[in-house]
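Enquirer: what would the 3D arrangement of this be:
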Amino acid sequence: MAIRVLLLTQWFDPEPTFKGLVFARELVRQGFDVEVLTGFPNYPGGKVYPGYTINMLQREVVDGVQVTRVPLYPNHGQSAIKRVLNYASFAASALVYGLFMAKRVDVIYAYHPPLTVGITASLIRLFRRIPVVYDIQDMWPDTLRATGMINSPRALNIVETVCQWVYRRVDHIVVLSPGFKRLLVQRGVPATKVDVIYNWADEAALAVPQGQLPADFPGAERFRILFAGNIGKAQALDTVLDAAALLQARGSRVCFVMLGGGVEVSRLKLRAAELKLKNLVFLPPVPMAEVGTLLHAADALLVHLRKDPLFEITIPSKTQAYMTVGKPLLMAVNGDAADLVLQSGGGVVAESENVVALALAAEGLAALAPAQLYMMGQKAQHYYQENLALQVGVSRFGEIFKRLS
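Expert: From the prediction side, this is the model:
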């Protein structure tokens, strides 16, 4: 008889999420009976998606997956009170459904963030004696502190206390990097209770890229290093502009392509104009289905984050997407992400926020022969397929579910 799994997550398709329909569908393919308990889609805009109306309960079947939606207060604005209401309303609705309406399942999978989902899962476990696997994608309160979302030391201490309460009550914890595991062990969580399962990429979208290259995408005479994703403060992309200025002064053929949107785009564009950069191009964001076309056209792919202890134990999700397409990586993030690239042999690393190091790494890649670059990209792709792919990750979750059930 198939093991029954309840996926408890505030974010689910059509919202952007790491562990959404792709995860649920693969669990079904691997023989599990899956129900998803989620809210009405409203992330990231805070408005309910077209085609949905908030009701007391809505059930739908999507690609063989039973999806149950419960009401919440839709909001993702800057107001801390409204954001807490968003989290708390879903947690309360999910708790009522989980305690009184959900069919008996063998195991609950709970996705963090937000922390309120962990509280709900722990309370359902307490009253219904169903084991819980807690998937931590964001280390709280560390992320809240680093992003400035919460600045009050008292509030951060409360969050830390609640986190510890959840960690003690769940049966198993899954994290996305070795650094996350080290941090939890330092905070008293037994090492045997924590597994590292890396995130996977949107393999289907990247395998069959759509769309055309933009007219201003640099030609093959340049060595094109592409950064794709959010362009915000955490990415610290002034370093890339300064490295571009240094390379331009040297007459290098390296060219940086910045693909994406974010709060820093306008400022960085103005600064690039002031620096008179001819070797850096900004491109607007494109749908995920078209991202693969640009990744395949680049010569190397860049990851960059500012120096921060939190980012040293984080593996940015674009890492997996880059490895999937088989291109060399230029990893300018210290810590676990750099270790992953070095283990794979699929790229080079540079110190975060180090202009000279970034410029030297870029020139080093540009100096390699096409065959060397190809082999580097193949190593990245092979490492992904063997260690990070969807099927590999879901199989490891499946082993945990079977053991607990």
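Enquirer: below-threshold pLDDT in this protein: ranges please.
Expert: 147-148 (pLDDT under 70).
Enquirer: nearest the geometric middle of it, what residue?
Expert: residue 317 (4.1 Å; CA atoms, centre = their mean).
Enquirer: now do the contacts for the residue nearest to that residue when sequence neighbours are not counted.
Expert: Leaving aside its sequence neighbours, residue 317 sits nearest to residue 199 (CB to CB, 6 or more residues apart in numbering; 5.8 Å). Where C-beta positions appear, they are placed from N, C-alpha and C, glycine not excepted. Shown in contact with residue 199 (CB atoms under 8 Å, 6 or more residues apart in numbering): 18, 137, 176, 315, 317, 320, 388, 393.
Enquirer: max pairwise distance over the residues you listed: which two?
Expert: Greatest spatial distance among the contacts of residue 199 (CB to CB): 137 and 388, at 14.9 Å.
Enquirer: now do the strands in the chain.
Expert: Here the chain has its strands, by DSSP state E, at 4-8, 33-39, 58-62, 65-70, 107-112, 132-136, 172-175, 194-196, 223-228, 254-259, 280-283, 300-304, 329-332, 347-349.
Enquirer: turn the ones you listed into a markdown table, including mean neighbour count.
Expert: As requested, those are exported to a markdown table (neighbours: other CB atoms under 10 Å):
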| stretch | mean neighbour count |
| --- | --- |
| strand 4-8 | 24 |
| strand 33-39 | 23 |
| strand 58-62 | 11 |
| strand 65-70 | 20 |
| strand 107-112 | 25 |
| strand 132-136 | 24 |
| strand 172-175 | 22 |
| strand 194-196 | 18 |
| strand 223-228 | 25 |
| strand 254-259 | 25 |
| strand 280-283 | 20 |
| strand 300-304 | 25 |
| strand 329-332 | 26 |
| strand 347-349 | 22 |
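Enquirer: gap between the closest residue to residue 308 other than its chain neighbours and residue 82?
Expert: Excluding the flanking residues, the one nearest residue 308 by CB to CB, 6+ apart is residue 146, at 6.0 Å. Going from residue 146 to residue 82 by CB to CB, to the nearest Å gives 22 Å.
Enquirer: tell me how far residue 221 lies from residue 254.
Expert: Distance, residue 221 to residue 254, by CB to CB: 12 Å.
Enquirer: bridged to the closest residue to residue 362 other than its chain neighbours, which residues?
Expert: Of all residues not flanking residue 362 in the chain, residue 254 sits nearest, at 4.8 Å (CB to CB, 6+ apart). Beta-bridge pairing for residue 254 (DSSP bridges): residue 223.
Enquirer: who's the closest residue to residue 228 other than its chain neighbours bridged to?
Expert: Spatial nearest neighbour of residue 228, chain neighbours left out: residue 259 (4.4 Å); criterion: CB to CB, 6+ apart. Using DSSP bridges, the beta-bridge partners of residue 259 come out as residue 228, residue 283.
Enquirer: when you give positions from now on, start the count at 322
Expert: Fine by me, first position is 322 from now on; the one you just mentioned is residue 580.
Enquirer: for residue 580, what are its contacts?
Expert: Per CB under 8 Å, 6+ apart, neighbours of residue 580: 547, 548, 549, 550, 604, 606, 607, 612, 615.
Enquirer: swap the cut-off to 7 Å and go again
Expert: 547, 548, 549, 604, 615 (CB atoms under 7 Å, 6 or more residues apart in numbering).
Enquirer: surely the first one and residue 615 touch.
Expert: Yes. Applying CB atoms under 7 Å as the test, residue 547 and residue 615 come out as touching, 6.3 Å apart.
Enquirer: can you spell out the domain ranges of this structure, please?
Expert: When the chain is parsed with automatic domain parsing, its domains come out as 325-521+710-725, 525-708.
Enquirer: how long is the last one from one end to the other?
Expert: What it means is domain 525-708. This stretch, domain 525-708, spans 17 Å end to end (CA to CA, to the nearest Å).
Enquirer: so what's the gap between it and the chain middle?
Expert: 17 Å (CA atoms, centre = their mean, to the nearest Å).
Enquirer: tell me the contacts of residue 721?
Expert: 454, 493, 516.
Enquirer: same question, residue 646
Expert: 527, 613, 616, 617.
Enquirer: quick check: closest non-adjacent residue to the first one.
Expert: In this case it means residue 527. residue 613 (4.3 Å).
Enquirer: who are the contact partners of that neighbour?
Expert: Counting by CB under 7 Å, 6+ apart, residue 613 touches 526, 527, 530, 646.
Enquirer: report the buried residues of stretch 701-721.
Expert: Using 16 or more other CB atoms under 10 Å as the test for burial, stretch 701-721 gives 701, 702, 704, 705, 709, 710, 711, 714, 715, 718, 719, 721.
Enquirer: show me what contacts the nearest residue to the first one once chain neighbours are set aside?
Expert: The reference is to residue 701. In space, and not counting its chain neighbours, residue 701 is closest to residue 667: 2.6 Å by CB to CB, 6+ apart. By CB under 7 Å, 6+ apart, the contact list for residue 667 reads 644, 649, 650, 697, 698, 700, 701, 704.
Enquirer: tell me how far residue 667 lies from residue 714.
Expert: 18 Å.
Enquirer: do residue 669 as well
Expert: Distance from residue 669 to residue 714, by CB to CB: 26 Å.
Enquirer: before we move on, what about residue 636?
Expert: For residue 636 relative to residue 714 (CB to CB), the value is 13 Å.
Enquirer: overlap in contacts, those two.
Expert: Counting by CB under 7 Å, 6+ apart, the shared contacts of residue 636 and residue 714 are residue 519.
Enquirer: for residue 714, give me its contacts.
Expert: 518, 519, 521.
Enquirer: pull out the buried residues from whichever helix in the chain runs longest.
Expert: Ordering each helix of the chain by length in residues (DSSP state H) puts helix 401-421 first. Neighbour counts using 16+ other CB under 10 Å place 404, 407, 408, 410, 411, 412, 413, 414, 415, 416, 418, 419 of helix 401-421 among the buried residues.
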